[in-house]
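J.: could you work out the structure for the sequence below:
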Amino acid sequence: MLKKTRNMNLAALGLLCAVCFLFAWENVQAVKLGYNIEKVRCEIKDLESSNTYLKKEIQTSLSPEKLEAKALKLGMVYPEPGAVVMLDGSASPEQQARGWLAKLPW
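T.: Residues are numbered from 1 along each chain as shown. Modelled structure (predicted):
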């Protein structure tokens, strides 16, 4: 009888230890997930900030003033008045076949 009671107490103690271990493990996992969630939130905030900056950078990079400044920095110049050839749909079929070469003055 004493042996049976001792075995029951030992089994109860083992079960209690297992429950305590599972409870502690669950809390550790919850804390880890909390840290991961906070890390992802910070990453999202950084990415949104970066996205906003890049959108503004695109807007300023595509502005006519910026494009003109970059072109001048690269050594590009405005064309001379007669250097630009405008194409329209009133050309003859022969001229259309030759393309833009037909518009040249020579």
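
J.: tell me how far N27 lies from L16.
T.: Computed as C-beta to C-beta, to the nearest Å, the N27 to L16 distance reads 17 Å. Any C-beta I mention is one placed from the backbone N, CA and C, and that applies to glycine too.

J.: likewise E65?
T.: In terms of C-beta to C-beta, E65 sits 76 Å off from L16.

J.: what's the answer for N36, then?
T.: For N36, the distance to L16 - C-beta to C-beta - is 31 Å.

J.: check S63 too.
T.: With C-beta to C-beta as the criterion, S63 and L16 are 71 Å apart.

J.: now L72
T.: According to C-beta to C-beta, L72 and L16 sit 81 Å apart.

J.: what's the burial count for I44?
T.: I44 sits with 10 neighbouring residues when counted by other C-beta atoms under 10 Å.

J.: same question, the one 10 residues further on
T.: Per other C-beta under 10 Å, the neighbour tally for L54 reads 10.
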